[in-house]
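A.B. asks: Need the 3D shape of this:
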Amino acid sequence: MYYVVDVVRFQGTPLEVESRIKNTASQDGKSVRVRIEQDPGQAGKAEAMVHVRNLAGYDVGVNAVHESKGVRAKPFSAQCESQNVKLVQGEWIDKYLTELQNFDGTNTCMADQVDASSGAFLMLTGDVEEETDGVWGR
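C.D. replies: Next up is the predicted model:
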């Protein structure tokens, strides 16, 4: 059984995003692993490096994304359909479920929460390898 306890969803400037990510990590505590997904290309590497530096002192790792959104979402979707994913009550649930239900598997569909959920699921189940080149941490 898998539980989604909380989802933090927002849009902001790059500085606001960095601050919010660090604030969320601080609220979760240093015992909680933080995983950052790295989009393909140099810009994705640079953005991931910024987040890793911003989270110095936390157990932070990076997952380089190579598959399409639809492919990455399938394992998490299968668990949801099998009722093996439970959501802990919170005001975030309606927007979360709306995005998951509207996801059509394409790269043009709004999917930030889908990406985060499928990425977290893949990391929890050990179906991704984190970068280990010494720059990214773990």
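
A.B. asks: Let's verify residue 63: helix, strand, or coil?
C.D. replies: Secondary structure state of residue 63, per DSSP: H, G, I helix; E, B strand; the rest coil, is strand.

A.B. asks: what bridges to it?
C.D. replies: Under DSSP bridges, the beta-bridge partners of residue 63 are residue 37.

A.B. asks: Distance check, it against residue 122.
C.D. replies: Applying CB to CB, to the nearest Å, the value for residue 63 to residue 122 is 8 Å. Every C-beta, even on glycine, is put in place using the N, C-alpha and C of the backbone.

A.B. asks: List the contacts of the residue nearest in space to the middle of the chain.
C.D. replies: Geometric centre of the chain, nearest residue: residue 116, 2.9 Å, by CA atoms, centre = their mean. By CB atoms under 8 Å, 6 or more residues apart in numbering, residue 116 lies in contact with 7, 37.

A.B. asks: A helix includes it, no?
C.D. replies: Yes - Residue 116 sits within a helix when classified using three-state DSSP.

A.B. asks: Tell me how many other residues crowd residue 5.
C.D. replies: Residues within reach of residue 5, counting by other CB atoms under 10 Å, total 9.

A.B. asks: Any figure for the gap between it and residue 85?
C.D. replies: Note on residue 5: its distance to residue 85, by CB to CB, is 12 Å.

A.B. asks: my guess is residue 55 contacts residue 22, does it?
C.D. replies: Yes - Residue 55 is within contact range of residue 22, at 6.4 Å (criterion: CB atoms under 8 Å).

A.B. asks: quick one: which of the two has more around it?
C.D. replies: When residue 55 and residue 22 are compared for neighbours, residue 55 comes out ahead with 19 against 16, by other CB under 10 Å.
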